[in-house]
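> build me a model from this:
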Amino acid sequence: MSVDKLQERIRKLKNPSVVDFNMLPEHIPPHIQERDTFFVSAYEYACTELMKGLADIVPAVRFSLGAMSLYGADGMVVLQKLLRTAKTLGFYVLLDAPDAFSRQDAVRGAELLFSPNSEFAFDGLVVNAYIGSDSIRPYGDKLKNTDKDVFAVVRTSNKSAPELQDLLTGSRLVHMAAADIVNRYSQPLEGRCGYSRIGAVAAAASASSLRNIRAAYKSMFLLLDGFDYPNANAKNCSNAFDKLGHGAAAVAGISVTAAWQEQPVDERDFVRLAVESAERMKKNLLRYITIL
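Okay, here's the model as predicted:
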């Protein structure tokens, strides 16, 4: 089962992290943009080189279908190529699904993305939990016939997230109510590692939220989004892991993929700088987490 693949790769590399490749044009090094003036071509080259450099360090990568769809057919072709490359390099591959605003959207997404003929090669699909169970059940119903996983967003790291996600609804916070819905469908789908094939995306920046989610849902694998946000850190993230250092992975984006922007050196060293940033992230996490 796929969640077992993710946990095993984390254990093998002793690195509970994911690199998110959702980048804007300004995150691509200038020398690549000068050579490939069309963004998707520059993006493809940058991502490919970065993944080659990170393959022996980072267990998982993440791409966004919705973001690349904005670039039309060329964006879709490049995304499909990058997903195949990531699989070939041995990564566990996460794909953000387009937002579903109705059950019909989710049903269509599940049918097409989980089809054996799908052009999108991925292991875990990230969906939004905020239209309720209609956004999760269609994907959950398909899992028994695939080796893929689903991760539903319940709490995000952006600054305004508390305006909605931390409101009280009865005796619960809204994002805990969302986690309850995810848990409802995750129970029968535990892998060998003890974690369900339906997991959740939570906020790397919120220690209290992570403590609450982990305490309430022992078998829910957590992706800790926003590790490179200013208020996120490894100590906060440690609240999401079990005593064996299992059950979670922190997700960073441009702090790794655009690490060249933070260093007064030649941006042509963008791969080396990304690798160094990924190594620092791993080191920081392992200060608080021991993976057995």
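> contacting residues for Lys218?
Applying Cβ atoms under 8 Å, 6 or more residues apart in numbering, one finds that Lys218 lies in contact with Asp242. (Each C-beta comes from the backbone N, C-alpha and C, glycine too.)
> ok, it to Ser186 distance?
Counting by Cβ to Cβ, to the nearest Å, the gap from Lys218 to Ser186 is 11 Å.
> again with Ala200
8 Å.
> what ranges do the strands span in the stretch 1-150 of the chain?
Assigned by DSSP state E, counting those that start in this stretch, the stretch 1-150 of the chain shows strands spanning 17-20, 60-64, 92-96, 124-128, 149-153.
> returning to what we had before: which residues do Ala200 and Ser186 both contact?
Common neighbours of Ala200 and Ser186, using Cβ under 8 Å, 6+ apart, are 217, 220.
> neighbour-wise, which of those two wins?
Legend: neighbour count by other Cβ atoms under 10 Å for Ala200 and Ser186, higher for Ala200 (29 against 25).
> pull up the pairing partners for whatever helix or strand that one lives in, direction included.
Counting by DSSP states H and E, the element that carries Ala200 is strand 198-203. If you go by DSSP bridges, strand 198-203 pairs up with strand 149-153 (parallel), strand 222-225 (parallel).
> so what does the following helix or strand past that strand touch, helix or strand wise?
Where DSSP H and E defines the elements, the next helix or strand beyond strand 198-203 is helix 207-216. The elements that helix 207-216 packs onto, with contact taken as 3 or more Cβ pairs under 8 Å, 6 or more residues apart in numbering; DSSP states H and E, are helix 174-186, strand 198-203, strand 222-225, helix 234-237.
> got the CA coordinates for helix 207-216 in PDB?
Output in PDB follows, covering the C-alpha atoms of helix 207-216 (Å, rounded to 0.1, in the frame of the first residue of the first chain):
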ATOM      1  CA  ALA A 207       2.000  23.400  17.500                       C
ATOM      2  CA  SER A 208      -1.300  23.300  19.400                       C
ATOM      3  CA  SER A 209      -3.300  22.200  16.300                       C
ATOM      4  CA  LEU A 210      -0.700  19.400  15.600                       C
ATOM      5  CA  ARG A 211      -0.900  18.200  19.200                       C
ATOM      6  CA  ASN A 212      -4.700  18.100  19.100                       C
ATOM      7  CA  ILE A 213      -4.800  16.300  15.800                       C
ATOM      8  CA  ARG A 214      -2.200  13.700  16.700                       C
ATOM      9  CA  ALA A 215      -3.900  13.000  20.100                       C
ATOM     10  CA  ALA A 216      -7.300  12.600  18.500                       C
END
